[in-house]
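J.: Pasted the sequence and its predicted model underneath.
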Amino acid sequence: MSKFPDQKIEEWLFLSKKRITVGEFCRCWVPLIYEISPEDRRYSAACLDLLERITQRKAKTIYAWMAGTISTPRDIENLLGLCDYLFKIQQSLDLS
């Protein structure tokens, strides 16, 4: 039996497993980071740029995720969930 408090560990593990889709992530952060709306013709390019920087995956792969022609891997959705969480912390602390 572990000597560590299960409740706290489970809370942290839960936070690290919050998945978010590429679409949800872009809708939330592209307007704030790039200061453009989803209606802007540059929105898809900005989304692609942001996801390339975060995931280190090729544009062709990310575009396929965005178009829904291939499913986004769970580890990428987990990564985006963590980034979302960290960006929200950064916003709340005004660390920009």
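T.: Yep, that arrived.

J.: quick one, what contacts the most centrally placed residue in the chain?
T.: Note on the chain: the residue nearest the mean C-alpha position is residue 80, at 2.4 Å, using Cα atoms, centre = their mean. By Cβ atoms under 8 Å, 6 or more residues apart in numbering, residue 80 lies in contact with 19, 20, 21, 22, 25, 54, 55. (Glycine included, C-beta is placed from N, CA and C.)

J.: show me the biggest helix of the chain in terms of residues.
T.: Assignment by DSSP state H gives helix 74-93 as the longest helix of the chain.

J.: Using the three-state scheme, assign the closest residue to residue 77 other than its chain neighbours.
T.: Nearest in space to residue 77, with sequence neighbours left out and distances taken as Cβ to Cβ, 6 or more residues apart in numbering, is residue 19 at 3.8 Å. Secondary structure assignment for residue 19 (DSSP: H, G, I helix; E, B strand; the rest coil): coil.

J.: While we're on residue 19, how confident is the model there?
T.: Residue 19 carries a pLDDT value of 87.

J.: just to revisit the earlier point, any chance of the contacts of residue 80 in a markdown table, with neighbour count and distance to residue 72 too?
T.: Compiled in a markdown table, the contacts of residue 80 are given as follows (neighbours: other Cβ atoms under 10 Å; distance: Cβ to Cβ, whole Å):
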| residue | neighbour count | distance to residue 72 |
| --- | --- | --- |
| 19 | 16 | 9 |
| 20 | 22 | 10 |
| 21 | 17 | 7 |
| 22 | 20 | 6 |
| 25 | 23 | 10 |
| 54 | 16 | 12 |
| 55 | 19 | 9 |
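
J.: Which residues are in contact with residue 76?
T.: With contact set as Cβ under 8 Å, 6+ apart, residue 76 has these partners: 22, 55, 57, 65.

J.: Sounds good, over and out.
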